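Visitor: what follows is a predicted protein model with its sequence.
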Amino acid sequence: MTAIFIGFESFFQVEPEEKAIVLRFGAPIVDAGGQPKEFEPGLHFKIPFVDSVHKEAVGRQYRLEFGFRSTPGETSQVRTRGYERESLMLTGDMSLIVVRYTVIYRISNLFTYMFEVKDQQETIRDVVQAVMRQLVGDYSMREVLTNFAPLQRKAHQAIQRTLQDIVPTGVEITEVAIKDPDVPA
């Protein structure tokens with residue numbers, strides 16, 4: 001019975017959109033280049049009771065919403081109540097404006113994402129908010145309300161640069177979408 005249990009514990013499965021990192025005695029198994037080895041989808045061997053497997057869906061795109069929350073699978077159901085503070089910003093001409101936006105990202109460096117960033121979602125959320133507030137502060141209210149495409153492009157670049165160089169998080173920003181900026185009620 002013990003042999004069956006040990007045999008069962010000697011393998012782990014990585015699903016199609018996942019990658020895994022194996023820690024042996026708390027340190028990652030490294031590849032020939034000295035980098036943490038990422039295990040691709042499939043069945044893999046591990047040493048029972050010595051190795052710990054950490055998996056994450058790297059083939060999936062993750063979405064962060066600011067100033068609103070949508071119901072998964074429903075495009076028409078959007079809740080803004082309780083999220084007003086996330087979207088309220090000050091423009092360069094000292095006007096208040098409501099900017100609701102979405103950031104979509106994917107995991108590009110699994111080890112950094114899993115082991116070098118504490119509370120990944122909140123860290124990414126905080127960095128994105130800081131960058132967006134800074135950028136909106138560089139534009140006038142009229143520019144943000146009528147022509148927010150340049151702001152969207154700049155935000156994509158600035159958020160990616162910040163999450164890669166200044167606060168390495170192991171993610172790649174795939175899209176920043178501003179949703180109808182407005183003046184506060």
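Guide: Looks like it arrived, so ask away. All of these numbers come straight from a predicted model, not from anything done at the bench. Numbering: from 1, shown residues only.
Visitor: all helices of this structure, in order?
Guide: 2-9, 84-87, 110-115, 120-136, 141-146, 149-161 (DSSP state H).
Visitor: what's the closest of those helices to V183?
Guide: Minimum separation from V183 across these (C-beta to C-beta) falls at helix 141-146, 7.4 Å. (C-beta placed from N, C-alpha, C; glycine too.)
Visitor: what is the burial count for the nearest residue to R125 once chain neighbours are set aside?
Guide: Nearest non-adjacent residue to R125, counting by C-beta to C-beta, 6 or more residues apart in numbering: L64, 5.7 Å away. Around L64 sit 14 other residues, with neighbours defined as other C-beta atoms under 10 Å.
Visitor: so who does L64 touch?
Guide: T102, V103, I104, Y105, Q121, I124, R125, V128 (C-beta atoms under 8 Å, 6 or more residues apart in numbering).
Visitor: closest to the centroid, which residue in the protein?
Guide: Y105 (5.1 Å; C-alpha atoms, centre = their mean).
Visitor: phi first, then psi, for E15.
Guide: phi -70, psi 160 (degrees, to the nearest 10).
Visitor: show me where pLDDT drops low in the protein?
Guide: Applying pLDDT under 70 to the chain flags residues 1-7, 73-77.
Visitor: can you do 50?
Guide: Of all residues in the chain, none has pLDDT under 50.
Visitor: strands along that one, start to end?
Guide: Secondary structure of the chain, counting by DSSP state E: strands at 11-14, 18-24, 27-28, 38-39, 42-45, 51-57, 62-66, 69-70, 78-79, 88-90, 96-107, 171-182.
Visitor: out of the contacts of L64, which one sits closest to F68?
Guide: T102 (8.7 Å).
Visitor: and that closest one, how many neighbours?
Guide: Neighbours of T102 under the rule other C-beta under 10 Å: 16.
Visitor: tell me who's in contact with it.
Guide: Residues counted as contacts of T102 (C-beta under 8 Å, 6+ apart) are R63, L64, E65, F66, E175, V176, A177, K179.
Visitor: the first one reaches Q121, doesn't it?
Guide: No - counting by C-beta atoms under 8 Å, Q121 is not a contact partner of R63; they are 10.7 Å apart.
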